[in-house]
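> with the input below, show me the fold.
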Amino acid sequence: MDHYLGIDVGGTKVAFRVETGTGPVDETAFGWGPRHSAEADLAQLAGHVAELRTRLGSPLRAVGVAMPGTAGPDGRVTAWPSRPEWTGLALDVALRDLFPGSVVAWADDGDLGALAEARAAGCDNLLYVGVGTGIGGGLVLHGEPCPGTARGSFELGHVVVELDGPPCVCGRRGCLQAIASGPATLDRAARLRGTAVTFDDLRQAWGDGRPWAVDAVRRTARALAAAVTGVQELVHPDRVVIGGGFAAGLPGFAGRVSEHLAEFARPGQPPLPAAPAALGGLSSLRGAVSLARLVATR
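This next block holds a predicted model:
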């Protein structure tokens with residue numbers, strides 16, 4: 001029986017999902033160890049892959065990998081702010097070494113999240129926003145990822161939404177990621193509260209309507225709406241879905257983004273409909289499995 005593996009590589013954790021022709025058979029995740037080097041990360045990844053192979057007891061036909069970092073035409077990582085130790089890594093070679101005998105492909109995590117959500121929604125023109133450790137984004141137009149992996153990823157997280165905003169890990173100021181990512185929201189909540197805030201703290205306080213939590217999340221939702229409005233003015237998708245683990249953990253978050261989209265709508269231009277991602281925090285992972293199935297047929 002053929003096995004298709006999807007891997008969602010994140011800044012703080014890595015998720016695996018294995019499917020066969022009849023559906024999922026295995027799904028696990030692990031947290032990255034302390035940052036030391038790309039070699040140490042790859043060794044940790046290889047250990048979990050070995051455990052997965054033992055559980056499956058059969059080879060993997062194809063592997064799809066969702067990556068948050070940026071890679072150049074030569075397949076080398078040019079930037080990954082969350083784990084800069086990967087800069088310069090020959091990603092293609094590293095992935096082939098991890099999965100000898102399997103067909104392997106990788107793509108931007110936001111692009112794959114958009115593709116999975118577009119298929120789940122039956123929508124050929126869809127904007128996906130993933131809110132987690134960073135901000136992932138993907139755009140599907142006429143059923144295909146835009147701009148396409150050959151021309152680079154859809155970097156919504158590095159759209160500047162505040163000219164004098166906070167510094168971003170990319171080196172600029174005011175990027176969407178510096179304002180609306182999970183860590184940025186938690187840092188802002190901690191400043192408003194006057195003490196450290198965990199995600200569980202924020203989720204509880206958000207549900208209780210605590211002012212410091214509401215204010216922290218409001219700025220996040222408003223920044224996201226500003227970036228989405230800019231995309232809408234340029235390419236006119238039919239809808240936007242808000243995903244990622246951070247957004248999925250805050251009930252009603254997509255609705256807050258919708259409120260700000262209505263605030264930013266100009267006369268004659270109806271606001272873009274926004275909804276929670278159908279796949280929650282699993283959009284990129286499911287997209288990675290779809291990529292594995294796709295390359296297996298080539």
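
> now the helix ranked longest in the chain: buried residues?
The helix that spans the most residues within the chain, counting by DSSP state H, is helix 211-235. Using 16 or more other C-beta atoms under 10 Å as the test for burial, helix 211-235 gives 212-213, 216-217, 219-232. Just so you know, the C-beta spots here come from the backbone N, C-alpha and C atoms, and that holds for glycine as well.

> cool, stretch 50-57 as well?
Leu52, Leu56.

> could you export it as PDB, CA atoms only?
Extracted C-alpha coordinates of stretch 50-57, given in PDB (Å, rounded to 0.1, in the frame of the first residue of the first chain):
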ATOM      1  CA  ALA A  50      13.100   6.900  11.600                       C
ATOM      2  CA  GLU A  51      10.400   6.300  14.300                       C
ATOM      3  CA  LEU A  52       7.700   7.000  11.700                       C
ATOM      4  CA  ARG A  53       9.200   4.500   9.300                       C
ATOM      5  CA  THR A  54       9.200   1.900  12.100                       C
ATOM      6  CA  ARG A  55       5.600   2.500  12.900                       C
ATOM      7  CA  LEU A  56       4.500   2.300   9.200                       C
ATOM      8  CA  GLY A  57       6.600  -0.800   8.400                       C
END
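
> in the stretch 101-250 of the chain, which spans are strands?
103-108, 126-131, 135-141, 144-146, 239-243 (DSSP state E, counting those that start in this stretch).

> what about those, which gets the closest to Gln44?
strand 103-108 (17.8 Å; C-beta to C-beta).

> closest one to Ala71 among the strands of the stretch 101-250 of the chain?
Checked against C-beta to C-beta, the stretch from the strands of the stretch 101-250 of the chain lying closest is strand 103-108, at 8.0 Å.

> for the closest one, which helices and strands make contact with it?
Applying 3 or more C-beta pairs under 8 Å, 6 or more residues apart in numbering; DSSP states H and E, we find strand 103-108 packed against strand 62-67, helix 91-98, helix 283-296.

> mind doing that once more with 10 Å?
The contact analysis (3 or more C-beta pairs under 10 Å, 6 or more residues apart in numbering; DSSP states H and E) places strand 103-108 against strand 4-9, strand 62-67, strand 70-71, helix 91-98, helix 109-121, strand 135-141, helix 283-296.

> now distance to Leu56 and mean neighbour count too, for those, in a markdown table please.
Putting the helices and strands packed on strand 103-108 into a markdown table (distance: least, C-beta to C-beta, whole Å; neighbours: other C-beta atoms under 10 Å) gives the following:
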| stretch | distance to Leu56 | mean neighbour count |
| --- | --- | --- |
| strand 4-9 | 9 | 27 |
| strand 62-67 | 12 | 26 |
| strand 70-71 | 28 | 20 |
| helix 91-98 | 15 | 16 |
| helix 109-121 | 22 | 27 |
| strand 135-141 | 28 | 27 |
| helix 283-296 | 14 | 25 |
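
> got these as JSON lines, with distance to Thr20 and mean pLDDT columns?
Formatted as JSON lines, these follow (distance: least, C-beta to C-beta, whole Å; pLDDT from 0 to 100):
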{"stretch": "strand 4-9", "distance to Thr20": "7", "mean pLDDT": "96"}
{"stretch": "strand 62-67", "distance to Thr20": "12", "mean pLDDT": "94"}
{"stretch": "strand 70-71", "distance to Thr20": "29", "mean pLDDT": "84"}
{"stretch": "helix 91-98", "distance to Thr20": "21", "mean pLDDT": "93"}
{"stretch": "helix 109-121", "distance to Thr20": "18", "mean pLDDT": "90"}
{"stretch": "strand 135-141", "distance to Thr20": "26", "mean pLDDT": "90"}
{"stretch": "helix 283-296", "distance to Thr20": "10", "mean pLDDT": "91"}
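
> for Val241, find the nearest of the ones you listed.
helix 109-121 (5.0 Å).

> and that closest one with strand 126-131, angle?
With axes from the mean of the first three to the mean of the last three C-alpha atoms, to 10 degrees as the basis, helix 109-121 and strand 126-131 are set at 130 degrees to each other.

> put the alpha carbons of helix 109-121 into CSV.
Coordinates of the C-alpha atoms in helix 109-121 are reproduced here as CSV (Å, rounded to 0.1, in the frame of the first residue of the first chain):
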residue,chain,number,x,y,z
ASP,A,109,3.8,26.7,3.8
GLY,A,110,1.4,29.5,3.0
ASP,A,111,1.0,28.5,-0.6
LEU,A,112,0.2,24.9,0.4
GLY,A,113,-2.2,26.1,3.1
ALA,A,114,-4.0,28.2,0.5
LEU,A,115,-4.2,25.3,-1.9
ALA,A,116,-5.6,22.9,0.7
GLU,A,117,-8.2,25.5,1.9
ALA,A,118,-9.3,26.3,-1.7
ARG,A,119,-9.9,22.7,-2.4
ALA,A,120,-11.8,22.3,0.9
ALA,A,121,-14.0,25.3,0.1
